[in-house]
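[1] Here is a sequence together with a model predicted from it:
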Amino acid sequence: MRQGKGEAMIYFAYGSNMFEAELKEYCPNARFLSKARLNDYKLDFTRFSKAEKRQCGVGDVVKAKGFVVWGVLYYVPENEVPELDKKEDAPRAYERKRVQVVLPDGTIREAMTYMVREKVGTIPPSREYLKLYLKGAQEHDLPREYMELLKCIRTKD
């Protein structure tokens, strides 16, 4: 499956979209495939979201040798990809990037994810926003160490 415009997408969610209820607000027919990890990247909050719903730093993945970002792979149907782009404010704020993720059995899989276009440094997320990350991590049984790392992220409140 090529993953360009107008096609279904294998999507690596590492932020609030890991929580299925959050993703399904925009992509009701998205389907969970697997948990996965993105090697040599780290989670950061490099953009301020002015959206009324957020008003805080929002997630990004940044190249960082030796680090790992855990997340969730979803199949997003072709007709719902534009809604996901809209939610992620792509291509203005975020851009879709092709990445290689590793499944729990060691299989490497190509997926699309969203990365911040213009990083401005680390901006703390809100406690409410970070709770969505934790709910998604718990829902999909991500590694305990990763959940502990999420719990240690400094929030703005």
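    Sure thing, it's come through.

[2] Please name the nearest non-neighbouring residue to Ala21.
    Distances taken as C-beta to C-beta, 6 or more residues apart in numbering put Lys135 closest to Ala21, at 8.0 Å, once the chain neighbours are dropped. Glycine gets a C-beta too; all of them are placed from N, C-alpha and C.

[3] I'd say Tyr129 and Ala51 touch.
    No. At 10.4 Å, Tyr129 does not count as touching Ala51 under the criterion of C-beta atoms under 8 Å.

[4] out of these two, which sits in the more crowded spot?
    Neighbours were tallied for Tyr129 and for Ala51 using other C-beta atoms under 10 Å; the higher tally belongs to Tyr129 (22 against 12).

[5] hey, C-alpha coordinates of whatever helix or strand that one lives in in PDB?
    Using DSSP states H and E, Tyr129 sits within helix 127-139. Extracted C-alpha coordinates of helix 127-139, given in PDB (Å, rounded to 0.1, in the frame of the first residue of the first chain):
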ATOM      1  CA  ARG A 127      -2.000  17.800  32.500                       C
ATOM      2  CA  GLU A 128      -5.300  17.000  30.600                       C
ATOM      3  CA  TYR A 129      -3.500  16.600  27.300                       C
ATOM      4  CA  LEU A 130      -0.800  14.300  28.800                       C
ATOM      5  CA  LYS A 131      -3.600  12.200  30.300                       C
ATOM      6  CA  LEU A 132      -4.700  11.300  26.800                       C
ATOM      7  CA  TYR A 133      -1.100   9.900  26.200                       C
ATOM      8  CA  LEU A 134      -1.300   7.900  29.300                       C
ATOM      9  CA  LYS A 135      -4.800   6.600  28.600                       C
ATOM     10  CA  GLY A 136      -3.600   5.400  25.100                       C
ATOM     11  CA  ALA A 137      -0.500   3.900  26.600                       C
ATOM     12  CA  GLN A 138      -2.500   1.900  29.200                       C
ATOM     13  CA  GLU A 139      -5.200   1.000  26.700                       C
END
